[in-house]
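Colleague: next come a sequence and a model predicted from it.
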Amino acid sequence: MKNLSLMKILLNLLKLLNVRSVDMNSQNKSFNVISTFSGCGGSSLGYKLAGGKVLLAVEMDDNAVETYNFNFPGTPIFHGDIHNLSVEKVLEITGLKPGELDIFDGSPPCQGFSTAGKRDFCDPRNQLYNEYIRLLKGLQPKVFVMENVSGMVKGKMKLIFADILKELKASGYQVKARLMNSMYYNVPQSRKRMIFIGVRNDLNIIPSHPKPQTKPITVGEALKDIEPEFIKYSNNDFVKSVINRVRPGEQFSKYHPNGSYFNYIKLSRNKPSPTITRSGFGQFFHESGRYITINEIKKLASFPKDFKLIGNPEDKWARIGNSVPPNMMKAIAENIQKEILAKI
């Protein structure tokens, strides 16, 4: 009887080890990605960290392409207007056939939706998602990920959101869209983004988003080991007049008679950074009153220290402000691998 019980225990243990082995193998399995509107490579880095391989990036901004090429020297990049990129050309570059691609990624420009901008309903950039959908229909990937700003579900912009959702579903996909905040995914920045995830209908798998993974990381925690590459203070007369009165976490507009300087903020060491925007250079200040530096902003966006930014400070800041934080995309990619691709 004892020997029989021992045998059962050993068999159950072997089954458990085998299940864990299969699970680990499925999570570690590589997957391929095409990234559109790639910027300097925030999403691409996230996919790479999750074990993926980017077969093609698509970007038209010269500085973004130069930065991408430096950090991802082995990845082909289509440097030009996405309107001029055909499905046939994508298949030629990647060597894929329709339906073979694992993940089709894209972050169509969002300035027309953004709550940080004018939120112009007629902004032509609001329609670039049509180019993403055109390629989606032709490539028929197993999964797609589309990222955009939270402003697309606010006010009259909801009409475009509904249209996008309808077109994505009509392309042959089960689709789920959810607002995600990067501060719950190992990024010391509060950055809300709408993340669409779709799974091709024939695969019969319901899309899912990763659950929150970490507690918010504060500015103080994130920057404690970062040496600023320079110490510089603003020469702006208004900023100089109020910099010592502005409390950590406050916007400078509170101290301006007309409410101007809304985007100027003194970061609080006890909170995550607010959203880093493309045009935010010279608007983020340390508690001491000095400017926040490029090295510090990289850390607040979860870019590694060795990620190279190219150009003047405004260019470097814009690249970070336009990027999906790599650690957030890593979490999304890992969830897709585990909950979708591993089940195909």
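Modeller: Looks like it arrived, so ask away. Quick caveat, the model's predicted, so the values are computed rather than measured.
Colleague: C-alpha from now on. contacts and neighbour counts both.
Modeller: Noted.
Colleague: in this structure, what helix or strand scores lowest on average pLDDT?
Modeller: helix 2-28 (a mean of 50; mean pLDDT, DSSP states H and E).
Colleague: helices or strands up against the next helix or strand after that one?
Modeller: Next along the chain after helix 2-28, taking DSSP states H and E as the criterion, comes strand 31-36. Helices and strands touching strand 31-36, by 3 or more CA pairs under 8 Å, 6 or more residues apart in numbering; DSSP states H and E, are helix 42-49, strand 52-59, strand 103-106.
Colleague: surely K169 forms part of a helix?
Modeller: Yes. With DSSP: H, G, I helix; E, B strand; the rest coil as the criterion, K169 is part of a helix.
Colleague: neighbours of it, how many?
Modeller: 16 (other CA atoms under 10 Å).
Colleague: how many residues are close by the residue lying closest to it once chain neighbours are set aside?
Modeller: Leaving aside its chain neighbours, K169 sits nearest to V175 (6.2 Å; criterion: CA to CA, 6 or more residues apart in numbering). When counting by other CA under 10 Å, one arrives at 22 neighbours for V175.
Colleague: residue boundaries of the strands in the chain?
Modeller: Remark: strands assigned in the chain by DSSP state E are 31-36, 52-59, 77-79, 103-106, 143-149, 173-181, 192-200, 265-266, 284-285.
Colleague: export those to TSV and tack on mean pLDDT and distance to V242?
Modeller: Output for the strands of the chain, formatted as TSV (pLDDT from 0 to 100; distance: least, CA to CA, whole Å):
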stretch	mean pLDDT	distance to V242
strand 31-36	98	42
strand 52-59	98	40
strand 77-79	98	44
strand 103-106	98	41
strand 143-149	94	31
strand 173-181	97	31
strand 192-200	97	29
strand 265-266	98	11
strand 284-285	96	12
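Colleague: export those to JSON lines and tack on distance to G259?
Modeller: Output for the strands of the chain, formatted as JSON lines (distance: least, CA to CA, whole Å):
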{"stretch": "strand 31-36", "distance to G259": "38"}
{"stretch": "strand 52-59", "distance to G259": "37"}
{"stretch": "strand 77-79", "distance to G259": "41"}
{"stretch": "strand 103-106", "distance to G259": "36"}
{"stretch": "strand 143-149", "distance to G259": "25"}
{"stretch": "strand 173-181", "distance to G259": "27"}
{"stretch": "strand 192-200", "distance to G259": "24"}
{"stretch": "strand 265-266", "distance to G259": "13"}
{"stretch": "strand 284-285", "distance to G259": "17"}
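Colleague: between the ones you listed, which one is closest to M328.
Modeller: strand 173-181 (8.5 Å; CA to CA).
Colleague: strand 192-200 and the closest one, what's the angle between them?
Modeller: Angle, strand 173-181 to strand 192-200, by axes from the mean of the first three to the mean of the last three CA atoms, to 10 degrees: 160 degrees.
Colleague: what pairs with strand 173-181, parallel or antiparallel?
Modeller: Strand 173-181 sits in its sheet next to strand 192-200 (antiparallel), going by DSSP bridges.
Colleague: quick one on the thing from earlier: quick one, what contacts the residue nearest to K169?
Modeller: 165, 168-169, 196-199, 206-207 (CA atoms under 8 Å, 6 or more residues apart in numbering).
Colleague: of these, closest to A318?
Modeller: For those, the nearest to A318 is F196 (23.8 Å; CA to CA).
Colleague: against S38, how distant is that closest one?
Modeller: Per CA to CA, to the nearest Å, F196 is found 16 Å from S38.
Colleague: out of those two, which sits in the busier spot?
Modeller: S38 (28 against 23).
Colleague: per-residue pLDDT, that one?
Modeller: We have a pLDDT of 97 for S38.
Colleague: looking at it, it is touching G106, isn't it?
Modeller: Yes. The criterion here is CA atoms under 8 Å, and S38 meets it with G106 at 7.0 Å.
Colleague: all helices of the stretch 151-300 of the chain, in order?
Modeller: 158-170, 219-223, 237-242, 294-300 (DSSP state H, counting those that start in this stretch).
Colleague: tell me which of these is the most buried.
Modeller: Ranked by mean neighbour count under mean count of other CA atoms under 10 Å, the helices of the stretch 151-300 of the chain are led by helix 294-300, which reaches a mean of 22.
Colleague: keeping just the C-alphas, turn that one into CSV.
Modeller: Taking C-alpha atoms only, helix 294-300 is exported to CSV below (Å, rounded to 0.1, in the frame of the first residue of the first chain):
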residue,chain,number,x,y,z
ILE,A,294,16.8,63.5,-21.0
ASN,A,295,18.4,60.6,-19.1
GLU,A,296,15.8,61.1,-16.4
ILE,A,297,12.8,61.2,-18.8
LYS,A,298,14.1,58.0,-20.4
LYS,A,299,13.9,56.3,-17.0
LEU,A,300,10.4,57.7,-16.4
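Colleague: what sits up against it?
Modeller: So helix 294-300 is contacted by 187-189, 219, 222-223, 226-229, 273, 304-305, 313, 316-317, 320 (CA under 8 Å, 6+ apart).
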